[in-house]
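[1] quick one, structure for this:
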Amino acid sequence: MKIVVIGGTGLIGSKLVDRLREEGHEALPASPNTGVDSITGEGLDDALRGASVVVDVSNSPSFEDGAVLEFFRTSTGNLLAAEAAAGVGHHVALSVVGSERLPDSGYLRAKAAQEELIKDSEIPYSIVRATQFFEFVKGIAAGSTQGDTVRLPSSLLQPLASDDVVAAVARVTLGDPLNGTTEVAGPEELRLDEFVRTGLAAEKDPREVVTDESVGYFGAHVRGRELLPGPDAHLAGTRFTQWLDRQK
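    All right, here's what the predicted structure looks like:
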């Protein structure tokens, strides 16, 4: 079947396109780089013509509160309208575990707003909420660095490899619409500060990671288990240390 992947040239999207093609499907990567813009609508109708499923793994180019909210509202609204016109039977979106629990974060507020738009539409849908990716460790460190010090709280998270995210999204994409939400996470709980400390050490990065419970995470104060998945989450098999070994 024809599957359009919005954000199909990014980290998750490009891997998802490859996986779906390997399984015999016509997977179309759709992004501004391929002439499809979900914000302006350019190329959207042509891309969705004949599509059975649309998978949205796009992300905002800006994490500023107003900009990220505008991105997800506009992009999702345009996608849902185009899908309705094209007769698309399944909308799949990648979201974030804990988005509804951390309204202080502008980014997570925007993801929650995206989810609500999808739920309120008439398009059958599936929302896949994932925890943080192992690949995010450098970005998390960069956003919390002052001089040569990285300050982070000891809140718990359950990160996973991007390949495991792709596998979960592909599985949902090729199934019937859930008309609900499913979660995917890594196999082990890690402290946020220790996750980054281990990641930087593996890269021989000299920055010191200091535990500081007063520091926020993307604008939100995480105090304990807000970033962890629920008991019914699908747990991937790759551990962080295994993933780090593969990067060498």
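[2] show me the shaky parts of the chain.
    Counting by pLDDT under 70, the chain contains no low-confidence range.
[3] where exactly do the helices run in it?
    With helices called from DSSP state H, the chain shows them at 11-22, 44-48, 65-86, 106-120, 137-143, 162-173, 192-202, 240-246.
[4] and the last one, which residues are buried?
    Read that as helix 240-246. Judged by neighbour count using 16 or more other C-beta atoms under 10 Å, the buried positions of helix 240-246 are 240, 243-244. For the C-beta atoms, the positions are set from N, CA and C on the backbone; glycine is no exception.
[5] which helices and strands sit right next to that helix?
    helix 192-202 (3 or more C-beta pairs under 8 Å, 6 or more residues apart in numbering; DSSP states H and E).
[6] list the buried ones in the helix it packs on?
    192-193, 195-200, 202.
[7] any chance of the residues you listed in CSV, with distance to Leu174 too?
    Output for the buried residues of helix 192-202, formatted as CSV (distance: C-beta to C-beta, whole Å):
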residue, distance to Leu174
Leu192, 33
Asp193, 38
Phe195, 31
Val196, 34
Arg197, 38
Thr198, 34
Gly199, 32
Leu200, 37
Ala202, 34
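[8] out of the helices of the chain, flag the one nearest Ala185.
    helix 162-173 (9.1 Å; C-beta to C-beta).
[9] quick one: list the elements packing against that closest one.
    helix 11-22, strand 53-56, strand 90-96, strand 125-130, strand 180-185.
[10] most tightly packed of those?
    strand 53-56 (a mean of 28; mean count of other C-beta atoms under 10 Å).
[11] Lys157 against Leu190, yeah?
    Not Lys; residue 157 is Leu. Yes - between Leu157 and Leu190 there is a contact under C-beta atoms under 8 Å: 6.1 Å.
[12] give me the more crowded residue out of the two.
    Taking neighbours as other C-beta atoms under 10 Å, Leu157 and Leu190 compare with Leu157 leading, 24 against 17.
[13] in TSV: the helices and strands packed on helix 162-173, plus distance to Thr145.
    What follows is the helices and strands packed on helix 162-173, written out as TSV (distance: least, C-beta to C-beta, whole Å):
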stretch	distance to Thr145
helix 11-22	22
strand 53-56	31
strand 90-96	22
strand 125-130	25
strand 180-185	26
